[in-house]
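Novice: just coords:
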């Protein structure tokens, strides 16, 4: 019997082995069918755990994923008893646990007894009443993605349990690879859709603000980030947020300039390549602002416009877990769209700005050429230049000899430019800075600034100002100033726009001064000629006329004293007297022509009437 028993024993094993193999093959077919049907990964993982547990006749089977931060995540479990390794929980890979060994070696591993072993997973196994564990790696695309493990409360585990798991881990790996491929295709489709939407917006010539807002929202949603920001580098070595988006809505740091110290923008400016900040622990205003908004990390890519580094597109995370490693590449694709949108927008805006500027310059130049009063020109220039540079007001000031300046004329968007004609000390003013530097100058905030001029500006609600010098014939005459109510400073290129208008103001001033000098010169000439005529008239009256009158009287006296018999002498003397009278009348006529008495007494109109009357009399009464 013993022999028979020994002979029969292998046959019994043979009968059991085919049954086990059939059961395993059936389980594998069911899982393979599930994988082939494209079932979600989570469903496949749960099904595999259940199938393995039933085939192996063990109380617990789990699928675990290794994460990039050194932890392990429980993906799926099946168990017939309570346990702590619930799906979604994360565990450190410490001690000599099975999953830690598989992660380190990339090969199957087992732990026969967790009693006394250190580590969180060992403690979790003991708490769940599990004493022995065996597992095999899940290899996806040549890398250890995770592990599948089975546990027993009292052991020992079946022989070759790790090898028997291998067939199931291959199916899990296939499911993961398929799922990742599907997710990648879906991600690519979503990404391409987002890129197309933004590209369409760019091609349609949408305003930059609309494009910036759309891209910010698209890129953050696509990368499952908590926010995004578009940062622009400024010439003064700072960076400013021009657009942003967060899951809560709103982006409170728009329009604020920050130093580059400790910022992602600073990292990218140094390298010219995509970069990341995994933890905002650095000092500096930008990291502080990021922490105040709850941001923990960020990834960004440079935006290059026409060969120059324009700014940065960044996505932001509030999670302790860093953003995925492929984030830089994906952000870079949107950064290229941003660059195209910015280049198109800048070109379009530049053309529009140039057209507006040239039209404004023509209007003001025409006004100046027509000889309009300087005050009218000043108001027109102020009204034209302020909107062009995005200002809320503008004005023209003139330096005075006593060290003050006078507001000669201006314009305010809200109306009521009330400072025309007022004098101010130079302290705390843009005019004072321009006088010191002889160059365009700016004041970015008047808050707390001393001086009467600064107080007047605050009364108008203006926060910042910029001015360009007005030079007339080589001398500093005054300043063209623009004012803004915004918290952000006026754009740096505003000086150039102001400079073009100051030339027209200078021309208008020079023309006005030339006309004034010409009028004064003409007045002096008229006065001199008038005085000369008066002097000639006076000289004629006091000289030649008096002499002729005296001679005529003497001739009449001689005629009267001559004897009556000297008739010829009487006649001769009478002719001489009449001739003297005629000469005197002619001389008086000449004097009256030089400066008619009626001109001095009655003015030009009566003098012209008298002249016309004389002309008719001289022509025999004809008005021809």
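Specialist: The structure has been received and is ready for your questions. Since this is a predicted model, take the numbers as computed values, not measurements.
Novice: which SS state does the most centrally placed residue in the chain fall under?
Specialist: Nearest to the geometric centre of the chain sits residue 242, at 5.1 Å (C-alpha atoms, centre = their mean). When classified by DSSP: H, G, I helix; E, B strand; the rest coil, residue 242 comes out as strand.
Novice: One more: residue 439?
Specialist: coil.
Novice: residues touching the residue nearest to the centre of the chain, list them.
Specialist: Contacts for residue 242 (C-beta atoms under 8 Å, 6 or more residues apart in numbering) come out as 212, 230, 231, 232, 254, 255, 311. C-betas here are computed from N, CA, C, even on glycine.
Novice: Now find how far off-centre stretch 565-585 is within its chain.
Specialist: 102 Å (C-alpha atoms, centre = their mean, to the nearest Å).
Novice: rewinding a little: mark which of the contacts of residue 242 are part of strands, please.
Specialist: Members of the contacts of residue 242 lying in strands (criterion: DSSP state E): 230, 231, 232, 311.
Novice: Which residue is the nearest non-sequential neighbour of residue 108?
Specialist: residue 162 (3.4 Å; C-beta to C-beta, 6 or more residues apart in numbering).
Novice: burial of that neighbour, as a residue count?
Specialist: Using other C-beta atoms under 10 Å, residue 162 has 23 neighbouring residues.
Novice: go on, residue 452?
Specialist: Counted with other C-beta under 10 Å, residue 452 comes out at 16.
Novice: Residue 416 versus that one, what's the distance?
Specialist: Distance, residue 452 to residue 416, using C-beta to C-beta, to the nearest Å: 19 Å.
Novice: still on that earlier bit, got a ChimeraX select line for the buried ones in the contacts of residue 242?
Specialist: Only the buried entries of the contacts of residue 242 go into this ChimeraX selection, using 16 or more other C-beta atoms under 10 Å:
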select :212,230,231,232,311
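Novice: quick one: least confident of the contacts of residue 242?
Specialist: Checking pLDDT across these, the minimum falls on residue 212 at 71.
Novice: is it true that it touches residue 243?
Specialist: Yes - counting by C-beta atoms under 8 Å, residue 243 is a contact partner of residue 212 at 3.4 Å.
Novice: any shared contact partners between the two?
Specialist: Common neighbours of residue 212 and residue 243 (C-beta under 8 Å, 6+ apart) are residue 230.
Novice: May I see the buried residues of stretch 295-315?
Specialist: For stretch 295-315, burial by neighbour count (16+ other C-beta under 10 Å) applies to 295-305, 310-315.
Novice: Hmm, I typed the wrong one, I wanted stretch 271-282.
Specialist: Under 16+ other C-beta under 10 Å, the buried positions of stretch 271-282 are 274, 275, 276, 277, 280.
Novice: my guess is the second one contacts residue 264, does it?
Specialist: Put plainly, it is residue 275. Yes - applying C-beta under 8 Å as the test, residue 275 and residue 264 come out as touching, 6.3 Å apart.
Novice: Need the residues touching each of the two.
Specialist: Common neighbours of residue 275 and residue 264 (C-beta under 8 Å, 6+ apart) are 299, 300.
Novice: hmm, back to that, go through the buried residues of stretch 271-282 and say which is closest to residue 324.
Specialist: Residue 324 has its nearest neighbour among the buried residues of stretch 271-282 in residue 276, at 10.5 Å by C-beta to C-beta.
Novice: Which strand or helix spans the residue nearest to the closest one when sequence neighbours are not counted?
Specialist: Leaving aside its chain neighbours, residue 276 sits nearest to residue 299 (4.3 Å; criterion: C-beta to C-beta, 6+ apart). Assigned by DSSP states H and E, residue 299 belongs to strand 297-305.
Novice: Now do that strand, average pLDDT.
Specialist: 89.
Novice: now swap in stretch 559-576 and tell me
Specialist: In the prediction, stretch 559-576 has an average pLDDT of 76.
Novice: Okay, now the unreliable bits of the stretch 1-150 of the chain?
Specialist: Residues of the stretch 1-150 of the chain that meet the criterion pLDDT under 70 lie in 1-21.
Novice: Would you map the strands across it?
Specialist: For the stretch 1-150 of the chain, strands defined by DSSP state E, counting those that start in this stretch occupy the ranges 60-66, 71-79, 90-92, 109-111, 132-140, 143-152.
Novice: list the buried ones in the longest one?
Specialist: Which is strand 143-152. 144, 145, 146, 147, 148, 149, 150, 151, 152.
Novice: number of nearby residues for residue 569?
Specialist: 13.
Novice: now swap in residue 174 and tell me
Specialist: 16.
Novice: Now it: which helix or strand?
Specialist: helix 161-203.
Novice: Mind checking the pLDDT average for that helix?
Specialist: 69.
Novice: Kindly report the same for stretch 260-275.
Specialist: pLDDT averaged over stretch 260-275 gives 89.
Novice: go on, stretch 383-392?
Specialist: Mean predicted confidence for stretch 383-392 is 82.
Novice: so after the one helix or strand residue 546 maps to, what's the next helix or strand?
Specialist: Secondary-structure assignment from DSSP H and E places residue 546 in helix 546-561. Scanning forward in sequence from helix 546-561 by DSSP H and E, the next helix or strand is helix 567-594.
Novice: now that next one and helix 546-561, what's the angle there?
Specialist: Angle of helix 567-594 versus helix 546-561, following axes from the mean of the first three to the mean of the last three C-alpha atoms, to 10 degrees, is 160 degrees.
Novice: and the buried residues of stretch 271-282, which of them are in strands?
Specialist: Per DSSP E, the buried residues of stretch 271-282 map to strands at 275, 276, 277.
Novice: nearest to residue 48, of those?
Specialist: Using C-beta to C-beta, those come closest to residue 48 at residue 276, 35.5 Å.
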